[in-house]
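[1] pasted the sequence and its predicted model underneath.
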Amino acid sequence: MITKILEYLGLRPKKPLTKRSELVEFIHRNASFVSQVTLLTYIKARAGTQYPKLFENTEYLESIEIARSHLFTSCVADLAFYVINEHCLNSIKRKSMQFILSNLVDEVFSFAKCDENIFKEFDKMNKQCKEHLKALERDAINHKLFKISSDTFFRWAPMAEKFKKEDEEIMRNSIHFRWIEVRREVRNRIRPNLIYN
């Protein structure tokens, strides 16, 4: 417990990611963190002093949950694609990349199913995540841009379209900035040759 607190505070380096299970947990936790914090921070900033009242409205709470599930799904796709493309290509065969990504996503959603009791439609989300992965590969989207999660955040954030149009640059920057620390942590911790041996 003390070790985790010290790691969280940056007073002790986090242990390397050397196992597949550790990579799965890392992707799940960071996708969950980025999706939730980005979404709720934007809603809170946009709603201002009316923010607490939004959480008394059950319809709005439902729309937040829908937006969060879509954003979590796209964050998993972006992060898994980034990790494999940026850090693991030398340790795997290119032809098996889609298979590896698909299995990795299955494992992340299996882990999430046990860890999260909030999401309801895991199978649908898993399928949607794999569609995002196909789009990333097919359209040759630069995996360093985390574009799928940025587009999803802009599309699904439960706010009036008028406000979202005004805030588009701020919204996209806010999610891009959240990914910076995650990318740095992956770079420092991942040991692909041990994960994909």
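    Cool, got the structure.
[2] from residue 147, how far off is the residue sitting furthest away from the middle of the chain?
    Relative to the C-alpha centroid of the chain, counting by C-alpha atoms, centre = their mean, residue 49 is the outermost residue, at 28.3 Å. Residue 49 is 33 Å from residue 147, where distance means C-beta to C-beta, to the nearest Å. For every residue, glycine as well, the C-beta is placed using N, CA and C.
[3] and for residue 156?
    Distance from residue 156 to residue 147, by C-beta to C-beta: 15 Å.
[4] shaky segments in this structure?
    1, 3-12, 93-95, 114-120 (pLDDT under 70).
[5] show me where it has its strands.
    For the chain, applying DSSP state E gives no strands.
[6] contacting residues for residue 159?
    Counting by C-beta atoms under 8 Å, 6 or more residues apart in numbering, residue 159 touches 42, 43, 46, 167.
[7] you'd agree the last one is up against residue 46?
    Spelled out, it's residue 167. Yes: between residue 167 and residue 46 there is a contact under C-beta atoms under 8 Å: 7.1 Å.
[8] adding distance to residue 189, write the contacts of residue 159 out as CSV.
    Shown next, in CSV, are the contacts of residue 159 (distance: C-beta to C-beta, whole Å):
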residue, distance to residue 189
42, 28
43, 31
46, 34
167, 33
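[9] may I ask which of those residues has the most neighbours?
    residue 42 (22 neighbours; other C-beta atoms under 10 Å).
[10] was I right to think residue 83 contacts residue 23?
    Yes: Residue 83 sits in contact with residue 23 when judged by C-beta under 8 Å, with a separation of 7.0 Å.
[11] give me the common contacts of these two.
    residue 190.
[12] surely residue 105 is in contact with residue 130?
    Yes: if you go by C-beta under 8 Å, residue 105 and residue 130 touch, sitting 6.1 Å apart.
[13] so what sits against both of these two?
    residue 77.
[14] for the residue lying closest to residue 105 once chain neighbours are set aside, give its distance to residue 142.
    Excluding its sequence neighbours, the residue lying closest to residue 105 (C-beta to C-beta, 6 or more residues apart in numbering) is residue 129, at 5.2 Å. Computed as C-beta to C-beta, the residue 129 to residue 142 distance reads 19 Å.
[15] who has more neighbours out of the two?
    residue 129 (25 against 10).
[16] I'd say that one and residue 77 touch.
    Yes: assessed by C-beta under 8 Å, residue 129 is found in contact with residue 77 at 4.8 Å.
[17] overlap of the contact sets of these two?
    Common neighbours of residue 129 and residue 77 (C-beta under 8 Å, 6+ apart) are residue 105.
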